[in-house]
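[1] Sequence plus predicted model, see below.
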Amino acid sequence: MGFPGTWMTESQSVVYRVVPKCACSTIGQILYYSDHGRFFDGDIHDAQTGLHKWGIEESQPLIADNVNAHRSFAFTCVRNPYTRILSSFFDKICGIQRNGRRYRGNLVPLLVQKYGVEVGGDDGQEDFDQVRAFRRFLLFARDTIRWRRPMDPDIHWSSMSGHIGTFVVNGGRYDRIFWTERFNDGMQDVLDQLQTPVPVDLTRIPRFNESEGHGPKRAHPVEAYFDDLSMHLVYEIYKRDFDLFKYDFENPGNKMPIGEIDLDEVHAKLGD
């Protein structure tokens, strides 16, 4: 299986396991800058040069060799499951993507037909009941993850522990996992461990939110989207994420972690 979703700088200064909806665009651009002294012109996910990626065939033996020998500092980044699934909904389901189309072609028509999800009209900008639509989407997300129907789960709402676990199962080991909610502290801690060709001043790095503006603005606070049933569904889907990455399941309005991530626990529980 190898190391899907894994990126590595060309200088092999650092290895990063991408987790969708967890500041991956900003992190990717920081890694690119740390080698080249400039940012990639465009969405870093589209870059085919300047950064080793598992999705690029020539990069695979280099990444595998590095990770198996644990030659470089390896890290990833996580996010509160409540805000992550909400972000996925507004970006991927309600939003128009960079190509001017809906995400994954027939996905949104399927959601409208089978789950009664409203998405704000053809351009995603019309008013609609965001809370009702999101809760119906949540049923769909649960169905894809639990029963792989009516389709396989999408990377943007499949669990973080699922993404992160592939790295561990196949022989990788993380040196650091940090929270998007404390991004500056976590990313600085990673940079402090590295010797990069180009020094990185984190205070001068912009945020690359490639999904910003794709969909309608969230009209309510996070907790308004989650009633008892929605919380139950979220826990059913993301129990391991809450437990391993120390987020507060009881209070959707609290996006901050409530404990410290135990790397030994992560490796033990995801290495099965």
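    Alright, I've got the coordinates.
[2] okay, CA-based contacts and neighbour counts for the rest of this
    Noted.
[3] any weak-confidence spans in the chain?
    123-124, 210-214 (pLDDT under 70).
[4] List the contacts of Ser34.
    Applying C-alpha atoms under 8 Å, 6 or more residues apart in numbering to Ser34 gives the contacts Thr196, Pro197, Val198, Pro199, Val200.
[5] name the element it belongs to?
    helix 24-36 (DSSP states H and E).
[6] As PDB, could you dump the C-alpha coordinates of that helix?
    Extracted C-alpha coordinates of helix 24-36, given in PDB (Å, rounded to 0.1, in the frame of the first residue of the first chain):
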ATOM      1  CA  CYS A  24      -2.800  21.200   4.300                       C
ATOM      2  CA  SER A  25      -2.600  24.000   1.600                       C
ATOM      3  CA  THR A  26      -0.700  26.300   4.000                       C
ATOM      4  CA  ILE A  27       1.600  23.500   5.200                       C
ATOM      5  CA  GLY A  28       2.300  22.400   1.700                       C
ATOM      6  CA  GLN A  29       3.300  25.900   0.600                       C
ATOM      7  CA  ILE A  30       5.500  26.200   3.700                       C
ATOM      8  CA  LEU A  31       7.300  23.000   2.700                       C
ATOM      9  CA  TYR A  32       7.700  24.200  -0.900                       C
ATOM     10  CA  TYR A  33       9.000  27.600   0.300                       C
ATOM     11  CA  SER A  34      11.500  25.900   2.700                       C
ATOM     12  CA  ASP A  35      13.200  24.400  -0.400                       C
ATOM     13  CA  HIS A  36      12.800  27.000  -3.000                       C
END
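[7] circling back: most widely separated two among the contacts of Ser34?
    Pro197 and Val200 (9.4 Å; C-alpha to C-alpha).
[8] higher neighbour count, the two?
    Val200 (18 against 13; other C-alpha atoms under 10 Å).
[9] and that one, how far is that from Ile56?
    26 Å (C-alpha to C-alpha, to the nearest Å).
[10] could you show me where the strands are in the stretch 101-250 of the chain, in order?
    176-179 (DSSP state E, counting those that start in this stretch).
[11] circling back: contacts for the following helix or strand past the helix holding Ser34 next, please.
    Sequence order places strand 51-53 as the next helix or strand after helix 24-36, per DSSP H and E. By C-alpha under 8 Å, 6+ apart, the residues outside strand 51-53 that reach it are Gly5, Thr6, Trp7, Met8, Thr9, Glu10, Leu31, Tyr32, Ser59, Gln60, Ile63.
[12] domain parsing for the chain?
    6-80+156-204, 82-155+216-238 (automatic domain parsing).
[13] and which of the contacts of Ser34 is nearest Lys114?
    Val200 (47.9 Å).
[14] Identify the residues contacting the closest one.
    Contacts of Val200 (C-alpha under 8 Å, 6+ apart): Ile30, Tyr33, Ser34, Leu191.
[15] Just flag the most distant two among those residues.
    Maximum distance among the contacts of Val200 (C-alpha to C-alpha): 12.2 Å, for Tyr33 and Leu191.
[16] give me every residue that touches Gly116.
    Ala133, Arg136.
[17] just the helices in the stretch 151-272 of the chain please.
    Taking DSSP state H, counting those that start in this stretch, the helices of the stretch 151-272 of the chain run over residues 160-169, 183-192, 228-245, 263-270.
[18] excluding its backbone neighbours, what's nearest Arg149?
    Leaving aside its chain neighbours, Arg149 sits nearest to Asp143 (5.8 Å; criterion: C-alpha to C-alpha, 6 or more residues apart in numbering).
[19] correction: Cys77
    Phe178 (4.9 Å).
[20] do the same with Asp152
    Closest to Asp152 by C-alpha to C-alpha, 6+ apart is Thr144, at 5.4 Å.
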